[in-house]
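S.K.: have a look at this prediction, sequence included:
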Amino acid sequence: MTVTETPAVARAVETTDKVLSHLHPEGAWEVEAHPVPGRKDEIWRFTPLKRLKELHADAPFQESATTCTWTAPEGVRVEGVDGEEAESLKGISGWVPNSRFAARVLAEVPSVLLVDVPAELEAAEPVMIDLTGTDASVTEAGRVALRFGRHSRAVVVLNHTGSASLAQVVEVEVGDGAQVTVVSLQDWADDAVHLTHHQALVGRDASYKHVAITFGGDVVRMDANVTYDGPGGEAELLGLYFADEGQHIEHRLFADHTAPRTKSNVVYKGALQGDGAHTVWIGNVLIRKVAEGIETFEENRNLVLTDGCRADSVPNLEIETGEIEGAGHASATARFDDQQLFYLRSRGISETEARRLVVHGFFGDLIRKVGVPALEERLQSTVESELERHLLSLG
Amino acid sequence: MSTLEIKDLHASVKTEDGPTEILKGVTLTIDGGETHAIMGPNGSGKSTLAYSIAGHPKYQITSGSVTLDGADVLAMSVDERARAGLFLAMQYPVEVPGVSVSNFLRTAKTAIDGEAPKLRTWVKDVNATMSRVQMDPTFAQRNVNEGFSGGEKKRHEIVQLELLNPKVAVLDETDSGLDIDALKIVSEGVNRFRAQEGKGVLLITHYTRILRYIQPDRVHVFVDGRIAESGGAELADELEANGYEKYTGAAV
Ligand SMILES: Nc1ncnc2c1ncn2[C@@H]1O[C@H](COP(=O)(O)OP(=O)(O)O)[C@@H](O)[C@H]1O
Ligand SMILES: [Mg+2]
């Protein structure tokens, strides 16, 4: 396998007092504080702005053409709220918008879909929220607030399907000691555009698992960020994506270690097939001065299945304290491994079947890590149908 | 009874400076029930021969023929060759992350037989075959060859040989890197395979050691991409005593 491994911490930037990078943006609530981003902006340089339907700039947020339905277990409140309550939910993730679209979403969208899990509640079933787009020509915006009370346990799944052009902000508050999983599934139709920012605040000794799964859409760009509200919090940021011909899928992670003895573990895996398939993975980790004794590891692996694809993968680790337990990253992009295929085929397994085995093998351990049994089968079968699209016609 | 017939086989490998010829005319017939040993120094092209028979894409066949019971092997894809009854135990078995041994074996067996094996007997067969080569049944849950020791990889090849039960097996240095106990275990596996009627074996090796456990019918000395001399089992004893220098003109 041709693999380019970036040795752990090789690219780490050790900074002292002065801070170098885009990891310290100035947040602002005012929309006008955020100029319309351009290609020259570091954090937008990979994104095909022209295909965003102006969602990153000033597209009008029209009346929603996306339906929202849900099922929730006993004791969990799921409700669209507006007015003062919606106002009070702004910034529950401890965040001030750092992009124009996010500032606009918070300023202009008067309502928010709230999932409220009371303290101590152990939800018996996942909260399943279906966001089903019906019209990609309507540019729209949405807000989601996920509030997990102290010591609660719950799983929330946001399932995006259909056609839409959606700017979205998802804010997450994980109470002290809570153990929660948030899954965001982007299983959009081919014409969807999705610009989304997920921001989580992880409480003391809490554990937060965020899973991003992106299969569909013309352009999907997600920021998945986490900061810590106290020591001992853990974040596991998992991602699985599959880009087909012409698709742009961009995942940007940011684990901002704002408290001591916190952990972040990032694993993203992607497969690419077809002309013009483009994936971007940016893994930012910042270890602040106060964040002594933290551990972080981030990993991105891409499997390139055909010619004409491009996988960008940029781990980025900034360390402001010397007192850390461990920090590392790995990033690798590999083509289908001829040796693996030959080995399988030399046992009589057809080329298609061999490719299928290799791809399932590539994603398999990650799918098991998602830890939501209700989703596992669906993920396996979605990987399967993605493969059907191209692999079967190969060889 | 099946016959593997190799005639004047030439093969080259792509390099940066263009193709380099490695096999320079190999002719060899293995009749059913026969075991042929191919012995030669490192770099003489033994693995190239094995890979060329199995259809590895890295090697270009420039001329010659390979037939199995008259069927044109070179016209077949890699997996068709396996389904036609050829098996290659590799010198360096490949790791396949995320694919369990049990899934792999079942998929391969299904492909070879054209139908899925009966679940009940299959699991028993796998366990029995694995314990015969002293592989713990827990290996079935591990990923193919991942984290296996050298010896475990070779024993896993023998498990596949026994379960897939081909017509002709090519064993590429299945003995190298094995301690004496593992060598015996692997040899017993090959001998069980050979004990069946009409099976052909092409045993590629660098050392004569394994020939104490697997008696060959024919021994071929392989040097610089072709067979330099052929004889009976006694040729191995001569190689044991004198090495390859008679053929290469240098100590190996
Ligand atoms: N992929 C390759 N690229 C360049 N040379 C190769 C390649 N594979 C094999 N060779 C060369 O072909 C010759 C025969 O190799 P091999 O068949 O592996 O020999 P053996 O198995 O007898 O040790 C060697 O000189 C080796 O360097
Ligand atoms: Mg060799």
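M.R.: Nice, thanks for sending it over. Numbers count the residues shown, from 1 in each chain, chains lettered A, B, ... in the order given. Ligands and ions are numbered 1, 2, ... in the order given.

S.K.: please count neighbours and contacts with C-alpha atoms only from this point.
M.R.: Noted.

S.K.: residue B:42: what secondary structure?
M.R.: Here residue B:42 is coil, with the state taken from DSSP: H, G, I helix; E, B strand; the rest coil.

S.K.: just give the number of residues close to it.
M.R.: Per other Cα atoms under 10 Å in any protein chain shown, the neighbour tally for residue B:42 reads 14.

S.K.: thought residue B:204 was touching it, still the case?
M.R.: No: using Cα atoms under 8 Å, residue B:42 makes no contact with residue B:204, being 11.4 Å away.

S.K.: residue A:249 touches residue A:223, doesn't it?
M.R.: No: applying Cα under 8 Å, one finds residue A:249 not in contact with residue A:223, separated by 11.4 Å.

S.K.: more crowded one of those two?
M.R.: Shown here are residue A:249 and residue A:223; by other Cα under 10 Å, residue A:249 has more neighbours (28 against 19).

S.K.: give the bridge partners for the more buried one, please.
M.R.: Taking DSSP bridges as the rule, residue A:249 bridges to residue A:220, residue A:279.

S.K.: that one and ligand 1: what is the separation?
M.R.: 36 Å (Cα to the nearest ligand atom, to the nearest Å).

S.K.: residues touching that residue, list them.
M.R.: Contacts for residue A:249 (Cα atoms under 8 Å, 6 or more residues apart in numbering or on different chains) come out as A:214, A:219, A:220, A:221, A:241, A:243, A:278, A:279, A:280.

S.K.: now, of those residues, which are buried?
M.R.: A:214, A:219, A:220, A:221, A:241, A:243, A:278, A:279, A:280 (16 or more other Cα atoms under 10 Å in any protein chain shown).

S.K.: separation between the fifth one and ligand 1?
M.R.: Here the distance between residue A:241 and ligand 1 works out to 33 Å (Cα to the nearest ligand atom).

S.K.: is it true that that residue lies in a strand?
M.R.: Yes: counting by three-state DSSP, residue A:241 is found in a strand.

S.K.: mind checking the SS state of residue B:125?
M.R.: Of the three states, residue B:125 takes helix according to three-state DSSP.

S.K.: what's the burial count for it?
M.R.: Residue B:125: 14 surrounding residues under other Cα under 10 Å.

S.K.: quickly note the distance from it to residue B:106.
M.R.: Separation of residue B:125 from residue B:106 (Cα to Cα, to the nearest Å): 11 Å.

S.K.: which SS state does residue B:57 fall under?
M.R.: Three-state assignment for residue B:57 (three-state DSSP): coil.

S.K.: tally up the residues packed near it, please.
M.R.: By the criterion of other Cα under 10 Å, residue B:57 has 15 neighbours.

S.K.: okay if I get the contacts of residue A:249 as CSV plus distance to residue A:207 and pLDDT?
M.R.: CSV is the format used below for the contacts of residue A:249 (distance: Cα to Cα, whole Å; pLDDT from 0 to 100):
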residue, distance to residue A:207, pLDDT
A:214, 23, 96
A:219, 30, 98
A:220, 26, 98
A:221, 25, 98
A:241, 23, 96
A:243, 30, 95
A:278, 32, 97
A:279, 28, 97
A:280, 26, 98
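
S.K.: who's in contact with residue A:387?
M.R.: Residues in contact with residue A:387, defined by Cα under 8 Å, 6+ apart, are residue A:356.

S.K.: now swap in residue A:58 and tell me
M.R.: With contacts defined as Cα under 8 Å, 6+ apart, residue A:58 has no neighbours.

S.K.: give me the pLDDT for it.
M.R.: Per-residue pLDDT puts residue A:58 at 96.

S.K.: residue A:391 now?
M.R.: pLDDT, residue A:391: 62.

S.K.: just give the closest residue to the single nearest residue of the stretch 201-350 of chain A relative to ligand 1, not the sequence neighbours.
M.R.: Minimum separation of the stretch 201-350 of chain A from ligand 1 (Cα to the nearest ligand atom) falls at residue A:339, amounting to 11.7 Å. Excluding its sequence neighbours, the residue lying closest to residue A:339 (Cα to Cα, 6 or more residues apart in numbering or on different chains) is residue B:94, at 6.7 Å.

S.K.: now swap in residue A:73 and tell me
M.R.: Of all residues not flanking residue A:73 in the chain, residue A:125 sits nearest, at 5.6 Å (Cα to Cα, 6+ apart).

S.K.: and residue A:224, how far is that from residue A:210?
M.R.: Residue A:224 is 8 Å from residue A:210, by Cα to Cα.

S.K.: hey, what's in contact with both of these two?
M.R.: By Cα under 8 Å, 6+ apart, residue A:224 and residue A:210 have no common neighbours.

S.K.: quick one: name the residues of the stretch 251-395 of chain A near chain B.
M.R.: Counting by Cα under 8 Å from any Cα of the partner chain, the stretch 251-395 of chain A comes close to chain B at A:339-340, A:342-351, A:357-358, A:360-365.

S.K.: rerun that using 10 Å as the cut-off
M.R.: Counting by Cα under 10 Å from any Cα of the partner chain, the stretch 251-395 of chain A comes close to chain B at A:337-351, A:353-354, A:357-366.

S.K.: just the buried residues of those residues.
M.R.: For these, a burial check counting by 16+ other Cα under 10 Å picks out A:337, A:339-351, A:353-354, A:357-364, A:366.

S.K.: looking at chain B, which residue is nearest chain A?
M.R.: Nearest residue of chain B to chain A: residue B:98, at 3.6 Å (Cα to the nearest Cα).

S.K.: quick check: pLDDT value at that residue.
M.R.: 90.

S.K.: flag the shaky bits of the chain, pLDDT-wise.
M.R.: By default, I'm working from chain A. Applying pLDDT under 70 to chain A flags the ranges A:1-22, A:390-395.

S.K.: could you do chain B instead?
M.R.: B:250-252.

S.K.: just the helices in it please.
M.R.: Per DSSP state H, chain B carries helices over the ranges B:46-54, B:78-84, B:101-113, B:119-132, B:150-164, B:180-195, B:234-242, B:245-248.

S.K.: would you quantify the distance from the residue in chain A that chain B sits nearest to to residue A:202?
M.R.: Residue nearest to chain B within chain A: residue A:361 (3.6 Å; Cα to the nearest Cα). According to Cα to Cα, residue A:361 stands 32 Å off from residue A:202.

S.K.: check residue A:220 too.
M.R.: 25 Å.

S.K.: what about the longest helix in chain A?
M.R.: The longest helix of chain A (DSSP H) is helix A:351-370.

S.K.: pull that helix out as PDB, backbone CA atoms only.
M.R.: C-alpha atoms of helix A:351-370 as PDB (Å, rounded to 0.1, in the frame of the first residue of the first chain):
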ATOM      1  CA  GLU A 351     -12.600  -8.800  -8.400                       C
ATOM      2  CA  THR A 352     -15.800  -7.100  -7.400                       C
ATOM      3  CA  GLU A 353     -16.200  -9.200  -4.300                       C
ATOM      4  CA  ALA A 354     -12.600  -8.600  -3.400                       C
ATOM      5  CA  ARG A 355     -13.000  -4.800  -3.700                       C
ATOM      6  CA  ARG A 356     -16.100  -5.000  -1.600                       C
ATOM      7  CA  LEU A 357     -14.300  -6.900   1.100                       C
ATOM      8  CA  VAL A 358     -11.500  -4.500   1.200                       C
ATOM      9  CA  VAL A 359     -13.800  -1.400   1.500                       C
ATOM     10  CA  HIS A 360     -15.900  -3.100   4.100                       C
ATOM     11  CA  GLY A 361     -12.800  -3.900   5.900                       C
ATOM     12  CA  PHE A 362     -11.600  -0.400   5.700                       C
ATOM     13  CA  PHE A 363     -14.800   1.000   7.200                       C
ATOM     14  CA  GLY A 364     -15.700  -1.900   9.400                       C
ATOM     15  CA  ASP A 365     -14.000  -1.100  12.700                       C
ATOM     16  CA  LEU A 366     -15.200   2.500  12.400                       C
ATOM     17  CA  ILE A 367     -18.800   1.400  11.900                       C
ATOM     18  CA  ARG A 368     -18.600  -0.700  15.000                       C
ATOM     19  CA  LYS A 369     -17.200   2.300  16.900                       C
ATOM     20  CA  VAL A 370     -20.300   4.300  16.100                       C
END
